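Asker: fold the following, please.
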Amino acid sequence: RPVGAVRLQERQNRQNRVHLLDATNPEKITQTGQLNIDGQLINSRMIGSTLYLITRYSPTLKGLQLYPTTEAQASANRTLIQQASLQDLLPQYQWQDNARAALFQPNDCFMTQYSGKNNLQSSLVSLLAIDISNSNPIPQGKCFVGDVETVYASTEAVYLATTQTNYTMDGTGETAVYQSTVNTDIHKFALTNGIEYRGSGRVEGH
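Answerer: Presented below is the predicted three-dimensional model:
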């Protein structure tokens with residue numbers, strides 16, 4: 001069944017929905033599959049029959065109190081976090097009505113050398129490849145701790161870039177003092193043999 005179109009929809013609960021559509025007959029387009037992926041869509045690219053998605057996912061744990069107001073709630077949060085595995089903090093996907101499955105193994109995700117004390121991130125950025133010509137399109141990819149603003153792509157590589165604004169706290173610990181210069185971090189992923197992380201670099205400027 002040739003697939004001629006892909007529609008992306010971001011849901012309010014931070015989950016992306018990919019609809020695979022058969023456009024062989026433009027007057028009667030039919031849906032051939034649906035893929036749900038945890039996270040917020042940043043951007044996408046299409047190269048051949050492969051759809052590349054760049055998403056941002058904020059790890060969470062079921063039952064975690066995001067804003068604890070009592071010591072009991074804070075203690076329960078600490079226990080929940082201590083008992084969690086790395087896999088519990090990674091995004092999942094679901095194809096059709098199948099069971100939800102892990103997008104990554106923990107060793108598929110990494111931190112760069114630029115995650116300094118002033119640039120700690122709580123988000124996971126994922127670069128996913130989905131072969132929409134496959135009858136069972138399982139997402140494959142890599143992820144890293146950080147953020148992304150801009151995406152560049154060729155047929156051989158994808159580059160993810162984000163601006164880092166550094167700051168320190170003043171003597172009171174209440175006011176942030178921003179440096180006069182900013183940097184841009186760039187992360188390269190090769191596409192020649194699946195998705196392979198090639199390295200990260202930093203340049204001055206926004």
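
Asker: so residue 124 makes contact with residue 145?
Answerer: Yes. Contact status for residue 124 versus residue 145: in contact at 6.2 Å, counting by CB atoms under 8 Å. Backbone N, C-alpha and C define where each C-beta goes, glycine included.

Asker: quick one: residues contacting residue 187.
Answerer: Listed by CB atoms under 8 Å, 6 or more residues apart in numbering, the contact partners of residue 187 are 112, 144, 146, 148, 159, 160, 161, 197, 199, 200.

Asker: does residue 141 sit in a helix, a strand or a coil?
Answerer: What DSSP: H, G, I helix; E, B strand; the rest coil gives for residue 141 is strand.

Asker: for it, which non-adjacent residue is spatially closest?
Answerer: Spatial nearest neighbour of residue 141, chain neighbours left out: residue 128 (3.9 Å); criterion: CB to CB, 6 or more residues apart in numbering.

Asker: who does the one you found bridge with?
Answerer: Residues in a beta bridge with residue 128, per DSSP bridges, are residue 53, residue 141.

Asker: tell me, how many residues neighbour it?
Answerer: 26 (other CB atoms under 10 Å).

Asker: and it, how far from residue 66?
Answerer: Note on residue 128: its distance to residue 66, by CB to CB, to the nearest Å, is 26 Å.

Asker: ok, now residue 80?
Answerer: Distance from residue 80 to residue 66, by CB to CB: 12 Å.
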